[in-house]
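Enquirer: Need a 3D model of the following:
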Amino acid sequence: MTDHHFGKLGWAPEVGHDYDLKIAEHYFENGVNRSIDRATGCDIAEIILPLGNDYYHFETRSGTTEAGTPVDCDGRWAKVYQVGIESMLTAVERCRQVAPVRVVWIPGNHDYVSSYWLCQVIKQAFSSCKDVTVDVRPVGRKYHQFGKCLIGWCHGKDEKAARLPGLMAVEKPEDWAKSTACREWHIGHLHQSKSLHWMGTHESDGVTVRVLPSLAGTDAWHFANGFCMSRHATQCHVYDYEYGLTAIYQVPVEEVAR
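Expert: Modelled structure (predicted):
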């Protein structure tokens, strides 16, 4: 669920379709539920739910990003943050019905601070739950090893995609050596689905960088600059402890809009 942009405003006569706080809430809940439904046939050991990646559209009361860039906003800042908190609490509870949940904070360029505090709220809300783990470490790149799989996350604005495979090898050398089935990066920021593959000396050294799509609608600035051609969707990735990636379930915006 990358780049959801709670609080973004898109007006249909101006950009082709509406996107506001209520729509964002509806899309997020349905996106989580549909993703879980897709994977119900799997024996799930753990659900990893990245949090951040521009979960919120703006950072300040004046409606600007972390860098101070003005953006089109829907609703008062307190209302936007409240809806974001409630949506994330509901998502974690829904995932807990299936398997233990690991929430991983991935800071974005729109919501660096606000998504951190949201992650702290989730950590406190589930502090007594042994089946919920929250990673709030203040580092932009996170990793998780699952059997022979090594997955990395970052927002994708600062790091060049071509450098990510090398960073994974340098920052997690022991996990890299154990992860012979699958080494992948998941990044957002670009709101589009794309798969980039880098090969090492041997085929087993390949690293895939996945640029993930977003369910968020388009605002006036992105529409005016032509950044409106990507397919709106979210994806659920299923990894096997021994064999690596076994499935990618895509949930298109038309389905969550129902």
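
Enquirer: and A78, what helix or strand is that in?
Expert: helix 77-96 (DSSP states H and E).

Enquirer: For that helix, give the mean pLDDT please.
Expert: Averaging pLDDT along helix 77-96 yields 97.

Enquirer: what are the ranges of the helices in the chain?
Expert: Here the chain has its helices, by DSSP state H, at 12-15, 21-38, 77-96, 112-125, 164-171, 173-178, 220-224, 253-256.

Enquirer: averaging pLDDT over each of these, which comes out lowest?
Expert: Looking at these, the lowest mean pLDDT belongs to helix 220-224 (a mean of 83).

Enquirer: what's it packed up against?
Expert: helix 12-15 (3 or more CB pairs under 8 Å, 6 or more residues apart in numbering; DSSP states H and E). Just so you know, the C-beta spots here come from the backbone N, C-alpha and C atoms, and that holds for glycine as well.

Enquirer: Touching the helix it packs on from outside, list them.
Expert: D18, G217, T218, D219, A220, H222, F223, C228 (CB atoms under 8 Å, 6 or more residues apart in numbering).

Enquirer: Let me know the closest of the residues you listed to A99.
Expert: G217 (30.5 Å; CB to CB).

Enquirer: that older thread, want to try a markdown table for the helices of the chain, with distance to V136 and mean neighbour count as columns?
Expert: Below are the helices of the chain laid out as a markdown table (distance: least, CB to CB, whole Å; neighbours: other CB atoms under 10 Å):
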| stretch | distance to V136 | mean neighbour count |
| --- | --- | --- |
| helix 12-15 | 34 | 13 |
| helix 21-38 | 20 | 19 |
| helix 77-96 | 13 | 18 |
| helix 112-125 | 5 | 18 |
| helix 164-171 | 19 | 17 |
| helix 173-178 | 20 | 13 |
| helix 220-224 | 30 | 15 |
| helix 253-256 | 28 | 16 |
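
Enquirer: For T60, give me phi and psi.
Expert: phi -120, psi 170 (degrees, to the nearest 10).

Enquirer: how many neighbours does it have?
Expert: Residue neighbour count, defined by other CB atoms under 10 Å, stands at 13 for T60.

Enquirer: Next, the contact list for it, please.
Expert: Neighbour list for T60: G68, W77 [criterion: CB under 8 Å, 6+ apart].

Enquirer: And the pLDDT for it?
Expert: At T60, the pLDDT recorded in the model is 92.

Enquirer: ok, so what distance separates it from A125?
Expert: For T60, the distance to A125 (CB to CB, to the nearest Å) stands at 25 Å.

Enquirer: swap in A24?
Expert: In terms of CB to CB, A24 sits 21 Å off from A125.

Enquirer: swap in V207?
Expert: From V207 to A125 the distance is 35 Å (CB to CB).

Enquirer: likewise F58?
Expert: F58 is 23 Å from A125, by CB to CB.
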